[in-house]
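Undergrad: my questions are about this predicted structure, shown below with the sequence.
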Amino acid sequence: EAAVTQSPRSKVAVTGGKVTLSCHQTNNHDYMYWYRQDTGHGLRLIHYSYVADSTEKGDIPDGYKASRPSQENFSLILELASLSQTAVYFCASSGSGVNYAEQFFGPGTRLTVL
Amino acid sequence: AQSVTQPDARVTVSEGASLQLRCKYSSSVTPYLFWYVQYPRQGLQLLLKYYSGDPVVQGVNGFEAEFSKSNSSFHLRKASVHWSDSAVYFCAVSIGASSSFSKLVFGQGTSLSVVP
């Protein structure tokens, strides 16, 4: 029973189209994150959220929006997909208390923009 | 700004040999430190973490890491690797804006290949 799930697992989109990536967590965590991974690079933070109905910008937010309708769900939205947004996207969650810094990751969504 | 450097993009070792993957960080304060592993087409899984105390921390599957404040390093080690250890390994540091928020900064990753 995976604690962080993502859908879809892969997607092909056209340039200029709208893309929505979804993330669901059953960890009862307050924090959720969206990262992007490019080949040969580490993960970079796009957006994060610490409470429902509120999102914050990460390090590379341009071209992305995020939505947190509930504690369990966190979406990443590409309003006008571009070739440069081809990447693997990871969602993660983290809790509070002594282990607040540890993040739990989903399996990733491979997005190809043509 | 905080940063993490993994100087070796690719490492190849023989099965049964020992392993060290290097990680250096730049931070004005001692951060929380992590090693994650990514198997092909999977998400990241936590190997081990360091918050404070004993600088040598044990993780899963026989991995350990040693924190060095003087060298700003957090190197990963394993005494004897197995072919199933082939994966990409990421070092990460946690930069908390408060006691409850964790922003992870990742290194570029080291791709490990274990050969017969």
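TA: Right, received. Where do you want to start? Note that the coordinates shown come from a computational prediction; the quantities given were computed from them, not determined experimentally. Residues are numbered from 1 along each chain as shown, chains lettered A, B, ... in the order given.

Undergrad: list the contacts for the residue of chain B found nearest chain A?
TA: Using Cβ to the nearest Cβ, the single residue of chain B nearest to chain A is B:F106, 3.3 Å away. Backbone N, C-alpha and C define where each C-beta goes, glycine included. B:F106 is in contact with A:42-44, B:4, B:90-92, counting by Cβ atoms under 8 Å, 6 or more residues apart in numbering or on different chains.

Undergrad: export those to CSV and tack on neighbour count?
TA: CSV is the format used below for those (neighbours: other Cβ atoms under 10 Å in any protein chain shown):
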residue, neighbour count
A:G42, 20
A:L43, 30
A:R44, 16
B:V4, 23
B:F90, 25
B:C91, 29
B:A92, 28
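
Undergrad: which of those residues sit farthest apart?
TA: A:R44 and B:C91 (14.7 Å; Cβ to Cβ).

Undergrad: is there any residue in the longest strand seen in chain B that contacts chain A?
TA: Ordering each strand of chain B by length in residues (DSSP state E) puts strand B:87-95 first. Yes - for strand B:87-95, a contact with chain A is found by Cβ under 8 Å from any Cβ of the partner chain, at B:90, B:92, B:94.

Undergrad: I figured the last one hits B:V4, correct?
TA: No - contact criterion Cβ atoms under 8 Å: B:S94 and B:V4 do not qualify, at 10.7 Å.

Undergrad: any residues in contact with both of these two?
TA: Both B:S94 and B:V4 are contacted by B:V105, under the criterion Cβ under 8 Å, 6+ apart.

Undergrad: what helix or strand is A:Q71 located in?
TA: Element membership for A:Q71, per DSSP states H and E: none, as it lies in no helix or strand.

Undergrad: report the contact partners of it.
TA: A:28-30, A:51-52.

Undergrad: about what we covered before: for the residue of chain B closest to chain A, give me the pLDDT.
TA: pLDDT for B:F106: 92.

Undergrad: and it, how far is that from A:Y33?
TA: From B:F106 across to A:Y33, the span is 12 Å (Cβ to Cβ, to the nearest Å).
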